[in-house]
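Trainee: structural data only, the sequence is not supplied:
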């Protein structure tokens, strides 16, 4: 398949990728959605299973919106949001080396924050936790967005 048909399929993959990344980025908000739209409670339960695999979900480290705690801690909220935002904005255009450096610096700052908090040198500061999640995840999101932009066309075999 070539021409407009291939472009349409490529656009379909891109659209699907954008929808999936947007859902991923907004998934910590599913608890708020379930609070106001009870029919979405099964979606919240499914998301909770995923969240429990990687996030401690400590209530003292979880942000709340309108009195409802988000589905993940502050740091994970930053990670989810920034992966989605980075994929949407796709800038700055980073080389592989620059992406690795950015992610490395973000990870180092995150580990520094965890170490300082574990040793009682500072409390659990939600803003720092969100910021370290943002710094770590943004270049990953940019890379995902760039991959989506360059997605090859699907081939259709009759």
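Mentor: Happy to help now that I have it. The model shown is predicted, which means the values in this text are computed figures rather than measured ones. Numbers count the residues shown, from 1 in each chain.

Trainee: which of the residues in the one helix or strand residue 100 maps to are buried?
Mentor: According to DSSP states H and E, residue 100 maps onto helix 96-118. Taking 16 or more other C-beta atoms under 10 Å as the neighbour-count basis, helix 96-118 is seen to contain the buried residues 102, 103, 106, 110, 113, 117. Where C-beta positions appear, they are placed from N, C-alpha and C, glycine not excepted.

Trainee: now do the contacts for the residue nearest to the last one when sequence neighbours are not counted.
Mentor: Yep, that's residue 117 we're talking about. By the measure of C-beta to C-beta, 6 or more residues apart in numbering, the closest residue to residue 117 outside its immediate chain neighbours is residue 124, 6.0 Å from it. Neighbour list for residue 124: 60, 61, 117 [criterion: C-beta atoms under 8 Å, 6 or more residues apart in numbering].

Trainee: closest to residue 80 among the residues you listed?
Mentor: The shortest approach to residue 80 among these belongs to residue 61, at 14.7 Å (C-beta to C-beta).

Trainee: skip the chain neighbours and tell me the closest residue to the closest one.
Mentor: That would be residue 73: by C-beta to C-beta, 6+ apart, it lies 4.4 Å from residue 61.

Trainee: what's the first-to-last distance across stretch 56-76?
Mentor: One end of stretch 56-76 sits 10 Å from the other (C-alpha to C-alpha, to the nearest Å).

Trainee: which residues does that stretch contact?
Mentor: Stretch 56-76 is contacted by residues 27-32, 35, 44, 47-48, 51, 54-55, 77, 80, 110, 124, 126, 129-130, 132-133 when judged by C-beta under 8 Å, 6+ apart.

Trainee: at 7 Å what do you get?
Mentor: By C-beta atoms under 7 Å, 6 or more residues apart in numbering, the list of residues contacting stretch 56-76 from outside reads 27-32, 35, 47-48, 51, 55, 77, 80, 124, 126, 129-130, 132-133.
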